[in-house]
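Enquirer: Provided below are the primary sequence and the corresponding predicted coordinates.
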Amino acid sequence: RDIARGVHEAHLRDVFHRDLKPGNVLITPASRRARIGDFGLSTHASGGTPEYIAPELARLVPATSRDRLVAVDVWGLGALAYDLIGGRPPWASWDDAASGEPPPPLGCPARLRRVIAKAMALDPDCRYASAADLAQDLDAYLARRPTSLDRSHALRSVLWMRRNPQLSLTAAGALVLAFLTLIGYISVRRLEARSHALAAQ
């Protein structure tokens with residue numbers, strides 16, 4: 001998330017990294033803040049480490065427009081997350097990157113997997129429009145809030161309950177109490193009706 005924010009700040013200055021990978025992330029020991037290093041490819045039209053390269057660059061399609069340069073770095077952010085979570089890079093070789101097939105699926109929670117999959121979409125137009133959008137979804141995931149990909153009302157309700165456990169328990173208790181009160185009321189009405197029937201007989 002922090003790297004995505006940093007990449008977005010670079011993009012606002014029209015600086016594009018093009019080779020994001022774990023080796024280019026520096027962690028400050030005291031503050032634990034992540035920083036981006038090695039902008040060596042930022043002036044080249046293409047390039048990148050084969051294990052982390054965006055598939056369009058592996059197919060030698062140059063990223064010439066600003067949107068395509070953003071998409072390359074968004075892919076790199078997804079590849080960085082893929083490696084940190086999966087313990088391996090997305091590609092084994094340049095040929096894998098150029099094959100047109102997606103990397104093997106990650107074994108992580110489905111919500112996080114969807115965020116990374118969107119960042120690493122094979123079609124650049126299907127990726128996040130900016131590194132900031134990716135950072136927002138990662139922030140939402142970490143805070144147990146719905147991401148832009150979480151559209152299910154049931155999932156949104158579950159996430160709300162996880163963020164508000166005491167309020168959820170209170171609401172659940174109130175619902176149980178209301179249900180028991182309703183059952184009691186129905187039972188009393190039935191007993192009264194039966195009593196009236198017996199009296200009439």
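Expert: In hand now; what should we look at? Residues are numbered from 1 along each chain as shown.
Enquirer: now do the contacts for the spatially most central residue of the chain.
Expert: The chain has Val115 as the residue nearest its centroid, 3.0 Å off, counting by Cα atoms, centre = their mean. Neighbour list for Val115: 134, 137-138, 141, 147, 149 [criterion: Cβ atoms under 8 Å, 6 or more residues apart in numbering]. Placement of C-beta: from N, CA and C, glycine included.
Enquirer: which of those are buried?
Expert: Among those, those buried by neighbour count (16 or more other Cβ atoms under 10 Å) are 134, 137-138, 141, 147.
Enquirer: export those as CSV, with columns for pLDDT and distance to Arg163.
Expert: Formatted as CSV, those follow (pLDDT from 0 to 100; distance: Cβ to Cβ, whole Å):
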residue, pLDDT, distance to Arg163
Leu134, 98, 21
Asp137, 98, 16
Leu138, 97, 16
Tyr141, 96, 12
Thr147, 96, 14
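Enquirer: next one: the residue nearest to the centre of the chain from Pro62, what distance?
Expert: Distance from Val115 to Pro62, counting by Cβ to Cβ, to the nearest Å: 27 Å.
Enquirer: narrow the buried ones among the contacts of Val115 to those in helices?
Expert: 134, 137-138, 141 (DSSP state H).
Enquirer: can I get those in JSON lines with distance to Tyr82?
Expert: Below are these laid out as JSON lines (distance: Cβ to Cβ, whole Å):
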{"residue": "Leu134", "distance to Tyr82": "13"}
{"residue": "Asp137", "distance to Tyr82": "15"}
{"residue": "Leu138", "distance to Tyr82": "13"}
{"residue": "Tyr141", "distance to Tyr82": "15"}
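Enquirer: which of the residues you listed lies closest to Cys108?
Expert: Closest to Cys108 out of those is Tyr141 (10.6 Å), distances taken as Cβ to Cβ.
Enquirer: how much space separates that closest one from Trp160?
Expert: Applying Cβ to Cβ to Tyr141 and Trp160 gives a distance of 15 Å.
Enquirer: now swap in Pro109 and tell me
Expert: In terms of Cβ to Cβ, Pro109 sits 17 Å off from Trp160.
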